[in-house]
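Participant: How does the following fold in three dimensions:
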Amino acid sequence: MRRPIWRVAVVFGFVALAIVGTQAASAAGAGASGVCAQRPTAPPTLPGEFIISDFVVFVDSTGVVWVKLYPQTPWGVVPPSEWFSDYVQIAISETEVNPIPTIVGFQTHDGLSETFSFEGSTAGPAVEGYIMNDGALLFNTGLTHGGGPLNLNLNSGFLPTEDGQFQNSAADHVVDPLDVATSDDPLHFDDEFPAYNLMTGTPVDPPTVVTSTTTTTTIHPTTQERPHHSTTARDKTCWWCWGIVFLFFSFLLCVLFTRMKTYEWWTCWLPWFLVIFIWVPFLLAGMWWWRPAWWWVPLLAWGPLIIGYTWYWARHRSWWHPWHWYVVGGYLAALLVGSLIVRAPEWGLLFPLFWLPWVGFYMWFRALRQPWWHRWMYLLFGAYIAWIFVWVAWLSPWWAWWLPVAFCSLTVWWFVSQGQSWQEIIGPKWCWLFPFAMLPFYAWWIPLWAPWWCYVIALFFTEALFCCAFTHFKIEEWWTWWLVWFLTIFVWVPFLLAGLWFFRPNWWGWALVPWFVGIIAGVAFWATRRSWWQRWMLYPVVGYLLVAQGVAFAVGSPEWGLLFPVFWVPLAGLYVWYRARRQPWWHPWMFILFAAFAVWLFIWVIWLTPWWGWWFPVVFVATATWWFLAHGYDEMTIRHKLCWILPFSALPWMCYMVALECLTT
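Facilitator: This next block holds a predicted model:
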């Protein structure tokens, strides 16, 4: 029975690869018509001429807004011409006055250069644009400033060859009205002058200089000093990224309170160790470098945290003495005095006040009293403390890469020195310890990297969920792998296919390969071992694969909405027929429930917009509530179930919202 299935697997594996190659070629050929082109294997690096490192916004005497852009590599006396196509574009709007953005910019395509403008999607006339003598670009937006904040999107990129792939850089900014300067002579705003007219394609003569025996003056007036805007400091924050981090953190705490305390090796000192030596340094270093608007919130929370910790925990320990209250009070007084002296969120200076007492407390009342403690460990802790200060005070944020190196090295040394077996290391310890320690490191990169970093965190989150599935939940009476299949089929797969339908990523075709391989593997390793398996069932499986590949070949493009019936409905039907229908809780009217869900997905994908993804939390909460109440689960069982079900179900929805809110808008 197995050999024919494996032969089918090999055949359909090659056929699936062939289909992917065909569709990838089709997508690449249709790149110019709006279908996502196949990404080249080694995309060229974005030239510095199209990376905007700084900008300034000002208005002239009539109130018209001008924008000056400072590329990372200044432009020369003429526009760049070594590429097939390139552009620099500004989208600017004032929400209270004119919410429709005004788009202006300059482009070169196939040897033809011109400035352009749009009001929304309506094309407008060519606009004033200049290359300044310092290599900056100056544009007249034609937009009259109404006095409110300005929303800017700076977008620029290039196409190396006619058959290449566009590479671009984009960033969103909000300019406060107080940062909008004024100038009576916009062409000489900051004592610089136009060198090339982008609208006419001609050089501009330098300004006349009048020289006398005593002074040298120019004919244009000087204006106020221009305010600078960093293109990295004011980028739009992807709050859905932080939503994934918060969900991840909630999951870890849920595991902490429901599972880990039942293990012999577990102690609450372990999370405190990770919080003190990893979470707090990353928090304070983030305050030091990025100065968020809410920087003072941890300052207010720090005192109540220390007092509450002392009152509810420390005073009940055997080593507590009344005079310890004076130590706590002295620490809080020193914290307050230090904050008053600094009078600014200079958290690097407050590291000794906020962090070192916790480190000393941990070493003195925990580490120092353990049988594994050795005097040379003072040097280890001291070296770590010194490194944190060096990182924050002298190095850049990118040096945060020290954490995985240090953490992996120390944990390996610790496990080996403590005689831990391999089974103990890869079990619940590693399943909880590694995610909890590395989460602040992953969150650290959100302000530094593009929103695609959210998916790195989501992948790490998924691995932690499956790790818990294999180590914790499989011993529970309510646990069954059918639960994973249910959530995958009815939550993960719909969001995957809807994302492919709405967003058309470059890698859409490669989803075919794991799909067919997964079906064949499921038949070979799982279905053939079931009591209900019959030899003739192999033919429906083969027929399904033939239909799926035939439809994919016929469509010839990533129109996943048309492929929904082929890719999703058979799996949903298999689940209903071979699992749900055979359960004691099944009722015939549930066919209508599953059918309504399928119809809704088709309506969402085919007729509605991506923003209707908000349906998921409403449906999930309502369905889960009904399910738990209908089955009479007690509070503990509900909490244990939701500890894993909730994050596993919400993660694909949040990843979908990242693509919608942070990558495409």
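
Participant: how near is Glu635 to Met260?
Facilitator: Distance of Glu635 to Met260, computed by Cβ to Cβ, to the nearest Å: 20 Å. No exception for glycine: its C-beta is placed from N, CA and C like everyone else's.

Participant: who's more crowded, these two?
Facilitator: When Glu635 and Met260 are compared for neighbours, Met260 comes out ahead with 22 against 8, by other Cβ atoms under 10 Å.

Participant: Centre of the chain to the helix or strand encompassing Thr625, how far?
Facilitator: Using DSSP states H and E, Thr625 falls within helix 615-630. Here helix 615-630 is found 27 Å from its chain centre; the criterion is Cα atoms, centre = their mean, to the nearest Å.

Participant: try stretch 120-127
Facilitator: So, by Cα atoms, centre = their mean, the centroid of stretch 120-127 is 33 Å from its chain's centroid.

Participant: Stretch 486-494 too?
Facilitator: The answer for stretch 486-494 is 22 Å, by Cα atoms, centre = their mean.

Participant: What residues sit buried inside it?
Facilitator: 486-487, 489-494 (16 or more other Cβ atoms under 10 Å).

Participant: Now do the buried residues in the helix or strand hosting Ile341.
Facilitator: According to DSSP H and E, Ile341 maps onto helix 324-342. Within helix 324-342, the residues scored as buried using 16+ other Cβ under 10 Å are 328, 335, 339.

Participant: Excluding sequence neighbours, find me the nearest residue to Gly147.
Facilitator: Pro177 (5.9 Å; Cβ to Cβ, 6 or more residues apart in numbering).

Participant: Correct me if wrong: that neighbour contacts Gly148.
Facilitator: Yes - counting by Cβ atoms under 8 Å, Pro177 does reach Gly148; the two are 6.3 Å apart.

Participant: any low-confidence regions in the stretch 451-600 of the chain?
Facilitator: For the stretch 451-600 of the chain, the stretches flagged by pLDDT under 70 are 557-560.

Participant: And the strands in the stretch 151-300 of the chain, which stretches?
Facilitator: Secondary structure of the stretch 151-300 of the chain by DSSP state E, counting those that start in this stretch: the strands cover 167-175, 181-182, 194-197, 202-203, 209-211, 216-218, 229-230.

Participant: what's the least confident stretch among those strands?
Facilitator: Comparing mean pLDDT across the strands of the stretch 151-300 of the chain, the weakest is strand 229-230, with a mean of 34.

Participant: And the next helix or strand past the helix or strand harbouring Leu500?
Facilitator: Using DSSP H and E, Leu500 falls within helix 493-503. Counting by DSSP H and E, the next helix or strand C-terminal to helix 493-503 is helix 512-525.

Participant: Packing partners of that following helix?
Facilitator: If contacts are counted by 3 or more Cβ pairs under 8 Å, 6 or more residues apart in numbering; DSSP states H and E, helix 512-525 sits against helix 2-29, helix 538-555.

Participant: now could you export just the CA positions of stretch 99-109 as CSV?
Facilitator: Output of stretch 99-109 as CSV, limited to C-alpha atoms (Å, rounded to 0.1, in the frame of the first residue of the first chain):
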residue,chain,number,x,y,z
PRO,A,99,-7.4,64.8,3.0
ILE,A,100,-6.8,63.7,-0.6
PRO,A,101,-3.0,63.7,-1.0
THR,A,102,-1.2,65.8,-3.5
ILE,A,103,1.6,63.8,-5.2
VAL,A,104,4.5,65.5,-6.9
GLY,A,105,7.9,64.2,-8.0
PHE,A,106,10.4,63.5,-10.8
GLN,A,107,10.9,60.4,-12.9
THR,A,108,13.2,59.1,-15.6
HIS,A,109,11.9,56.2,-17.8
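
Participant: that older thread, check the buried residues of helix 324-342 for the minimum pLDDT and say which it is.
Facilitator: Of all of those, Ser339 carries the lowest confidence score, 76.

Participant: any idea how far Pro352 is from that residue?
Facilitator: From Ser339 across to Pro352, the span is 12 Å (Cβ to Cβ).

Participant: again, but for Leu500
Facilitator: Taking Cβ to Cβ as the criterion, Leu500 is separated from Pro352 by 52 Å.

Participant: Mind checking which of the two has more residues around it?
Facilitator: Neighbour comparison, Leu500 and Pro352: the larger count goes to Leu500, with 21 against 13 (by other Cβ under 10 Å).

Participant: quick one: low-confidence ranges for the chain?
Facilitator: Within the chain, the segments meeting pLDDT under 70 span 1-44, 96, 163-165, 208-236, 344-349, 557-560, 665.

Participant: Point to the residue nearest the middle of the protein.
Facilitator: Central residue of the chain (Cα atoms, centre = their mean): Cys454, 2.1 Å from the mean position.

Participant: just checking, what packs against the helix or strand where it lies?
Facilitator: If you go by DSSP H and E, Cys454 is part of helix 453-471. Packed against helix 453-471 by the contact rule (3+ Cβ pairs under 8 Å, 6+ apart) you find helix 239-258, helix 430-444, helix 635-658.

Participant: got TSV for the ones you listed, with distance to Phe470 too?
Facilitator: Formatted as TSV, the helices and strands packed on helix 453-471 follow (distance: least, Cβ to Cβ, whole Å):
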stretch	distance to Phe470
helix 239-258	13
helix 430-444	8
helix 635-658	12
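
Participant: deepest of those, which one?
Facilitator: When these are scored by mean count of other Cβ atoms under 10 Å, the highest mean neighbour count falls to helix 430-444 (a mean of 21).

Participant: how far off helix 239-258 does that helix point, in degrees?
Facilitator: 150 degrees (axes from the mean of the first three to the mean of the last three Cα atoms, to 10 degrees).

Participant: Double-check Ile103 against Ser121; I have them as touching.
Facilitator: No - the criterion here is Cβ under 8 Å, and Ile103 misses it with Ser121 at 9.1 Å.

Participant: Counting neighbours, show which residues of the helix holding Cys454 come out buried.
Facilitator: Using 16+ other Cβ under 10 Å as the burial criterion, the residues of helix 453-471 that qualify are 453-454, 457-458, 460-462, 464-465, 467-469, 471.

Participant: And those, which is closest to Val605?
Facilitator: Of all these, Val605 sits closest to Ala458, with 21.6 Å by Cβ to Cβ.

Participant: Name the nearest residue to that closest one, sequence neighbours excluded.
Facilitator: Spatially, and ignoring its direct neighbours in sequence, Ala458 is nearest to Cys655 (5.1 Å; Cβ to Cβ, 6+ apart).

Participant: That neighbour touches Tyr455, doesn't it?
Facilitator: Yes - shown here, Cys655 and Tyr455 form a contact pair, counting by Cβ under 8 Å, at 6.5 Å.

Participant: who touches the helix holding Thr625?
Facilitator: With Cβ atoms under 8 Å, 6 or more residues apart in numbering as the test, helix 615-630 has contacts from 491, 495, 585, 600, 604, 638, 641-642, 645, 649-650, 653.

Participant: Then stretch 130-141?
Facilitator: 64-71, 73-79, 88, 90, 92, 102, 104-106, 115, 127-129, 186-187, 189, 192-198, 204, 206.

Participant: are any of those residues buried, and which?
Facilitator: Buried by 16+ other Cβ under 10 Å: 64-71, 75, 79, 88, 90, 92, 102, 104-106, 115, 127-129, 186-187, 189, 192-196, 198, 204, out of the contacts of stretch 130-141.

Participant: Just after the top strand by length along the chain, pick out the following helix or strand.
Facilitator: Counting by DSSP state E, the longest strand found in the chain is strand 98-109. Sequence order places strand 112-119 as the next helix or strand after strand 98-109, per DSSP H and E.

Participant: strands paired with the following helix or strand past that next one, and their directions?
Facilitator: Following strand 112-119 in sequence order, the next helix or strand is strand 122-123 (DSSP H and E). Take DSSP bridges as the rule and strand 122-123 pairs in its sheet with strand 112-119 (antiparallel).

Participant: got the angle between the strand it pairs with and strand 98-109?
Facilitator: Using the same axes, to 10 degrees: strand 112-119 against strand 98-109 is 170 degrees.
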